[in-house]
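Chemist: Pasting the sequence and the predicted coordinates here, then a few questions.
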Amino acid sequence: MTLWLDLETYSPIDIKSGAHKYAERAEILLFAYALDDGPVSVWDATEVDDPPAELVEALKTRTVWAHNAAFDRTILRHCLPDLCPPIERWRCTSVMALEHSLPASLGQLCEVLKIPTDQAKDKAGKRLIQLFCKPRPSNVRLRRATSETHPIEWARFVSYATADIVAMRECAKRIPNVNFKADEIRLYHLDQRINDRGIRIDLDLAKAAVRAIEREQARLAERTHLLTDGAVGAATQRDALLKHLSDEYSVELPDLQKASVERLLASGEMPAPVQDLLAIRLAASSTSTAKYLKLLECTGSDGRLRGTLQFCGAARTGRDGGRLFQPQNLPRGKLKPKQVRLAVEALKADCEDMIYDDVMDVLTDVLRATIIASVGCKLVVADLANVEGRVAAWLADEYWKLDAFRDYDEIIGVDDHGKAIRKGHDLYCIAYGRMFNKDPAYVVGDERQCGKVAELALQYGGGANAFATFARTYGIDLDDMAVKAKAVVDPATWDSAGNLYRWMLGNGLRSDLSEIAWTACDSFKRLWRESHPGIVGFWAALNVAMLKAIAQPGKVFDAGRCQLRTSGPWLFVRLPSGRYLCYPGVRREEDKVSYMGIDQFTRKWTRIDTYGAKLFENIVQSVSRDLLFSGATLAEARGYPVTMRVHDELVCETPDTDEFTVEGLAECMTTLPTWAEGLPLAAAGYEDIRYRKG
């Protein structure tokens, strides 16, 4: 038996501050509900104090469905705590849509599922929500609209309140529910408990950081004003700065985006004044500093920030999406733990400029440290090591690589400095060694980073351009790398790559890389593929299985540990865990396959191409997600309360006792579920009172 519900609420707090902060001062205006397939009723809480008896009974006994149920549940917890159903009885049509690679917003979901809606009525409803659910603009004498001030509009508002119930109920019927079932619903409930728990924020540090930002922005603006003789008031004034660089130095730049500015600074080719202005621009435009303001805006009255994770928020894979503070998008930082502690003290004392030359850099490095443990607690943090590389090798039966991971995980002793001696070598060192014909035992520092780039860029079918993009992200000098590579790469491989480069030029294709850099990157691609026959073969196997599944609807085709089939317009890929990857609107045109999805840049519902290596990427990331949730479930069961999931990392806030250890959390995360037999997993981490990069 089902209760469908949708709340219309008022709060003086902006919803952009998050549902939990919003709910602290929220009021329920209208409570629309329906029992099973019955008619929609509306309880007007502004006129009748007590909810209808049938609604009270349903809240106490029935499974509750809502669209974006996290919002409605949070409101009920604050406004009607005695009637709010426990988490276990909640279901969400928005999460159900995300589980099947469909849009989360109800309006867009109805459009995709071809559920008729009255667009004019929808627009009128949104205007009424603007009227009644928010404080009136500051220049309007009437600060709040109510049923008494706007009786005609209120009557329409009550009428419109039924619309979302009708829409979400129809959406639930039309989504081909292969995922939002018992196991995934349990994980959704775990996610909701983690979001409700939230993370403790050092608000004093956040306030100190905002003060430092204001001081530093003023100083940078003054320097910009002096360097440009008053032509540009601040480096954040993009158009004025571009014009000044053009007029004074004949430097024509297409944009001032971070990646472009960093590339220009790294090149060292700009005149000194231009270099100075670009460096100021980079510091003044740091997006990390905006996160401090977000922390102050969204943290609750009890000092905890909640609602930072969106279950299944990443398209198709089921990985988390970040919300509010965006914990999935925190800068790595360069300072060591002791240096971070010093920086925190300096910021709180308002004397950071006496210690640091680049204050904005320090603010970026300290951002993670705003997440702290409560008094009497500690943070126990562990991260799955190179989990995508391990999963990829396991899925594709890349046996040599699986053995290499196992050898690296096996500790055979400890050196004089207390560092573990391992049976095998780090996989990034092995990757570099294969590229540069070097013993991995002697691969160090930046060389290992180059090996990491190869693993990240080439595992999913990437070529020379993908390698170059990752290399730039990790600060690798491509031309310097290429000179070293040419001396050691097999001449036949180098010549083949060079021939392809010249063929590209002959056919009008261009690259922003030099010939030697492009040739080196393409050579690395060739070497990587030669040494990974299992993975390369699995790309092809997935592509063949996908084409067969499209050609023969309803029939299941195996690809390693996965199974592919189509049903109507849907392509389903069954993962080892039993969960499905879903591709709606799948279509084959000649040898090209596409499906419908949300474009990650435009955020519009559009057609997206796919192929074997891209499917492989989705599958690897999805399996990695399933492993993380398996570890989180076990961690919770063993008393490690999870407060954040960040990529492949779990952050737990535990009592500050010896009972809770990194080793204990790592054991939870590396205990294999039954479906992952033979997959080598490893995890490591740290304990601290502040969050940091391990």
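Modeler: Sure, I can see it. Computed from a prediction, not measured in an experiment: that's the story for all the values here.
Chemist: What distance do you get for the closest residue to Asp37 other than its chain neighbours to Ala161?
Modeler: Distances taken as Cβ to Cβ, 6 or more residues apart in numbering place Arg169 nearest to Asp37, at 7.4 Å, with adjacent residues excluded. Just so you know, the C-beta spots here come from the backbone N, C-alpha and C atoms, and that holds for glycine as well. Note on Arg169: its distance to Ala161, by Cβ to Cβ, to the nearest Å, is 14 Å.
Chemist: Can you pick out the residue with more neighbours from the two?
Modeler: More neighbours sit around Ala161 than around the other of Arg169 and Ala161, counting by other Cβ atoms under 10 Å; the figures are 25 against 18.
Chemist: Show the residue spans covered by the helices in the stretch 1-150 of the chain.
Modeler: Under the criterion DSSP state H, counting those that start in this stretch, helices of the stretch 1-150 of the chain are mapped to 19-23, 53-61, 69-79, 93-99, 106-112, 119-132.
Chemist: Check which helices and strands the second one is in contact with.
Modeler: Translated: helix 53-61. With contacts taken as 3 or more Cβ pairs under 8 Å, 6 or more residues apart in numbering; DSSP states H and E, helix 53-61 sits against strand 2-10, strand 27-35.
Chemist: what does that helix contact?
Modeler: Residues from elsewhere that reach helix 53-61 (Cβ atoms under 8 Å, 6 or more residues apart in numbering): Met1, Leu3, Phe31, Tyr33, Leu35, Ser41, Trp43, Pro51, Leu83, Cys84, Pro85.
Chemist: Centre of the chain to stretch 7-26, how far?
Modeler: Distance of stretch 7-26 from its chain centroid, counting by Cα atoms, centre = their mean, to the nearest Å, is 24 Å.
Chemist: what do you get for stretch 516-536?
Modeler: 29 Å.
Chemist: Other residues contacting that stretch?
Modeler: Contacts of stretch 516-536 with the rest of the structure, by Cβ under 8 Å, 6+ apart, involve 392-393, 396-399, 401, 431, 434-435, 454, 458-459, 462-465, 467-468, 471, 478-479, 481-483, 485-486, 489-490, 493-494, 496-498, 500-501, 511, 513, 616.
Chemist: what comes up buried for that stretch?
Modeler: Buried positions in stretch 516-536, judged by neighbour count with 16 or more other Cβ atoms under 10 Å: 516-528, 531-532, 534-536.
Chemist: C-alpha coordinates for it, CSV please?
Modeler: The C-alpha coordinates for stretch 516-536 follow below in CSV (Å, rounded to 0.1, in the frame of the first residue of the first chain):
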residue,chain,number,x,y,z
ILE,A,516,57.6,15.1,-31.1
ALA,A,517,55.2,15.5,-28.2
TRP,A,518,52.3,14.0,-30.2
THR,A,519,54.4,11.2,-31.5
ALA,A,520,55.5,10.3,-27.9
CYS,A,521,51.9,10.4,-26.7
ASP,A,522,50.8,8.1,-29.5
SER,A,523,53.7,5.8,-29.0
PHE,A,524,52.7,5.4,-25.3
LYS,A,525,49.2,4.6,-26.4
ARG,A,526,50.5,1.8,-28.7
LEU,A,527,52.8,0.4,-26.0
TRP,A,528,50.0,0.4,-23.4
ARG,A,529,47.6,-1.4,-25.7
GLU,A,530,50.2,-4.0,-26.7
SER,A,531,50.8,-4.8,-23.0
HIS,A,532,47.0,-5.0,-22.2
PRO,A,533,45.6,-7.5,-24.6
GLY,A,534,42.8,-8.5,-22.2
ILE,A,535,41.5,-5.0,-21.8
VAL,A,536,41.7,-4.2,-25.5
